[in-house]
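*Asks:* predicted structure and sequence below. I'll ask about it afterward.
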2 protein chains.
Amino acid sequence: MSKKNALQTVPCESCPLRKLDTLREFDEDELAFVKTFKHGELTIGPGAPIVMEESNSPHLYTVLQGLAFRYKTLPDGRRQILNYAMPGDLVGLQSSVFDAMNHGVEALTDMLLCVFPRDRLWSLYTKRPSLAFDVTWLAAREEQLLDEHLLTVGRRTALERVAFVIWHLYRRGRSVGLVTANKIVLPLTQQHLADTLGLSLVHTNKTLKKLRATGCIAWADRVLEIRDQDKLLEIAQMEDTEEARRPFI
Amino acid sequence: MSKKNALQTVPCESCPLRKLDTLREFDEDELAFVKTFKHGELTIGPGAPIVMEESNSPHLYTVLQGLAFRYKTLPDGRRQILNYAMPGDLVGLQSSVFDAMNHGVEALTDMLLCVFPRDRLWSLYTKRPSLAFDVTWLAAREEQLLDEHLLTVGRRTALERVAFVIWHLYRRGRSVGLVTANKIVLPLTQQHLADTLGLSLVHTNKTLKKLRATGCIAWADRVLEIRDQDKLLEIAQMEDTEEARRPFI
DNA sequence: CGCGATTTTGAGAGCCGTCAAGATACGTGG
DNA sequence: CCACGTATCTTGACGGCTCTCAAAATCGCG
């Protein structure tokens, strides 16, 4: 344990997340506690599993850098992507609260994760109720994102779905500083999009083409550009809502 | 407040939920706290809204009796049912953690709800960390259910979906004592099923007919009977997992 | 340059949605 | 007790959105 601490490259005081003004500040006590809570760091590359379906991870993570996705699969291999994890997001809470994961998480880019031991989550509840509340906040927000995603997959048309997921990723990326000049680097495959939206790869490709033809987006070489935000939102049947300031651990 | 307390018909000591052996016990301190946390009761009938989309409820509820559903709608009226609330489930956590709801909840039967004031949730975190942990547990479980639901709507076929939702409701009902002789009263309309599964009403009806034809279920007069559990599970592409013991507030 | 991964395009089938109408059930008022 | 209206369920016809199959084009990389 202490060895791992010695390997930490990013002390909590200079955690890159603290620079994001969408994330709330810690007070001194909270910062001190988080430092003792932090157990190490994990660096992994694209395609690497962070947690596996059906396995039982002893860790809880906060994303410091990079992008990952959460997914479930059926016995015959059909895959559904549930959500994406971006900087500031908590990964693996389910395994800390239950005993198993029931979903997998896989990295899309090089990632830097902050590692917490799950068996000390309880001490966070007894010693730092404000942070415990933040954990609940994060869980409730994940639930909210899933609600919206379920509405999309269940009730939106293919074109609306593609527009939705693009806007969703853009908006979340924007809130953590990943957007410059209406552009964001999205290392997603069309297969990922398809698995996110409950569509086939072929149909996703054709629908994406149609969306490009409207001129409201451009997407090539892993770079997504939003050219007409209002039109995109109209197609997706949604409204632009600025993200509230949010906590992180 | 004190007036409302006078109207309480069910003191916490004899809360009907405590009889369910799938729910965990309170210790004395927890019980004492919950008694002060409880603010009153709410009785409503079928079709009544418990919380409205886009509104901001000052309350948090625990279902004591009855069945409700959580949903979201698009501007043009398309509706997606997100989940069902059964005895022991917490309703309205999102509005306690954020400021708005973003989803509606509507009763399907006569319901009895235990009412908590949302502005006292914080005191639960500072005074009773074990209960705070339980709230997180419940939020994480809701997330788990949404994960499974999203996989279903995104990647299962119509027949698999119908089998899934039937099994899902049966299994959850079973864990709270609603099942007798493989039968459960389900006051759902086929429109509810359709909105749960992301299917049209007509196609849901035809798929349900096909499922009935396999002989593994019977459903008439709001009573669902499971006649061949193994076959149903096979059709739904899932496994029977017993629910773990769970907390409630 | 060659190979695997990804993207694109076309063709045809089929699952599922929409439209429409009839049947059944249920509650209400006469 | 019957008439009637509303909600729900059922069924058929038809269209189209989306899937699968298949192959070509493009890209990334050693």
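*Replies:* Right, received. Where do you want to start? Numbers count the residues shown, from 1 in each chain, chains lettered A, B, ... in the order given.
*Asks:* tell me which element the closest residue to A:S55 other than its chain neighbours falls in.
*Replies:* Nearest residue to A:S55, sequence neighbours excluded (CB to CB, 6 or more residues apart in numbering or on different chains): A:M101, at 6.1 Å. For the C-beta atoms, the positions are set from N, CA and C on the backbone; glycine is no exception. A:M101 belongs to no helix or strand when assigned by DSSP states H and E.
*Asks:* excluding chain neighbours, what is closest to A:E106?
*Replies:* Closest to A:E106 by CB to CB, 6+ apart is A:P49, at 5.4 Å.
*Asks:* same for whichever helix or strand A:E106 is part of, what does it pack against?
*Replies:* Element membership for A:E106, per DSSP H and E: strand A:104-107. Applying 3 or more CB pairs under 8 Å, 6 or more residues apart in numbering or on different chains; DSSP states H and E, we find strand A:104-107 packed against strand A:49-51, strand A:68-73.
*Asks:* then the next helix-or-strand element following the longest one to PDB, C-alphas only?
*Replies:* Meaning strand A:68-73. Moving toward the C-terminus from strand A:68-73, the next helix or strand (DSSP H and E) is strand A:79-85. Extracted in PDB, the C-alpha atoms of strand A:79-85 (Å, rounded to 0.1, in the frame of the first residue of the first chain):
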ATOM      1  CA  ARG A  79     -23.500  -5.600 -26.700                       C
ATOM      2  CA  GLN A  80     -25.100  -2.600 -25.200                       C
ATOM      3  CA  ILE A  81     -23.100   0.400 -24.200                       C
ATOM      4  CA  LEU A  82     -24.600   2.000 -21.200                       C
ATOM      5  CA  ASN A  83     -22.700   5.200 -20.700                       C
ATOM      6  CA  TYR A  84     -19.300   6.900 -21.100                       C
ATOM      7  CA  ALA A  85     -16.900   7.800 -18.300                       C
END
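*Asks:* could you check how far whichever residue of chain A sits closest to DNA strand C is from A:L64?
*Replies:* Nearest residue of chain A to DNA strand C: A:Q190, at 3.4 Å (CB to the nearest atom of the strand). Distance, A:Q190 to A:L64, by CB to CB, to the nearest Å: 28 Å.
*Asks:* contacts only, for the residue nearest in space to the middle of chain A.
*Replies:* By CA atoms, centre = their mean, chain A has its centre lying nearest to A:A85, at 1.5 Å. The neighbourhood of A:A85, defined by CB atoms under 8 Å, 6 or more residues apart in numbering or on different chains, consists of A:V63, A:L67, A:A68, A:F69, A:R70, A:V91, A:V105.
*Asks:* is A:Y71 in contact with A:N102, as I believe?
*Replies:* No - A:Y71 lies out of contact with A:N102 (CB atoms under 8 Å); the separation is 11.0 Å.
*Asks:* quick check: neighbours shared by these two?
*Replies:* A:E53.
*Asks:* can you give me the strands for chain A?
*Replies:* A:40-44, A:49-51, A:59-65, A:68-73, A:79-85, A:90-91, A:104-107, A:111-117, A:183-185, A:217-220, A:223-226 (DSSP state E).
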